[in-house]
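Engineer: Below is the sequence, then the predicted model.
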Amino acid sequence: MELKTMKTRTGTSSFTSLHGLKMAALAIGGSLVLAGCAGNPPTEQFAVTESAVNNAVSAGGTEFAAVEMKSAQDKLKQAELAMHDKKYEQAKTLAEQAEWDARVAERKAQAMKAEQALKDSRQGVQELRQESQRTVQ
């Protein structure tokens, strides 16, 4: 039995040109959106970052996570300078980094406080055991 191949036209040329047109429109639209965002100061991000830094300070970040707090505060200052120079993308990136450094500092401070509370509780239990053994003897 012999197989014969049939040549058929699938219409890929019209699909390819339509696909290319869609991609070009998407690229142009994306560029316009990015260009529009580049000119806006990241004031919302700054508010979120300042809140995160304040929360970290309140949680004891300066005491328990000094390195992370310093990093957050330094990046926030750099972001403010970039904002002043109207380098909004750089300012936003630095503000985001400062926010995450502050969040790390807050979590680290909370963890250190919890660890200290656990140590204090264990010490209290140990003292109670010793006291109860003294009264029994």
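Structural biologist: Thanks, I have the structure now. Residues are numbered from 1 along each chain as shown.

Engineer: okay, which residue is most central for the protein?
Structural biologist: By C-alpha atoms, centre = their mean, the chain has its centre lying nearest to W100, at 4.7 Å.

Engineer: what about that one, helix or strand, and which?
Structural biologist: W100 belongs to helix 88-136 when assigned by DSSP states H and E.

Engineer: ok, now P41?
Structural biologist: Secondary structure from DSSP H and E places P41 outside every helix and strand.

Engineer: do the same with the one 10 residues further on
Structural biologist: Per DSSP H and E: S51 is located in helix 43-58.

Engineer: Show the subsequent helix or strand relative to that helix.
Structural biologist: helix 61-64.

Engineer: Can you point out the buried residues in that following helix?
Structural biologist: Within helix 61-64, the residues scored as buried using 16 or more other C-beta atoms under 10 Å are 61-62, 64. For the C-beta atoms, the positions are set from N, CA and C on the backbone; glycine is no exception.

Engineer: now, which of those residues sits nearest E89?
Structural biologist: Using C-beta to C-beta, G61 comes nearest to E89 of these, at 27.3 Å.

Engineer: In this structure that closest one contacts E68, no?
Structural biologist: Yes: the pair G61 / E68 is scored as a contact, 6.7 Å apart, by C-beta atoms under 8 Å.

Engineer: what do the two both touch?
Structural biologist: Residues touching both G61 and E68 (C-beta atoms under 8 Å, 6 or more residues apart in numbering) are 102, 105, 108.

Engineer: Could I get the contacting residues of the second one?
Structural biologist: Each residue near A105 by C-beta under 8 Å, 6+ apart is listed here: 56, 59, 61, 65, 68-69, 72.

Engineer: right, and the pair among the residues you listed with maximum separation?
Structural biologist: Across the contacts of A105 (C-beta to C-beta), the longest gap, 12.2 Å, separates A59 and A72.
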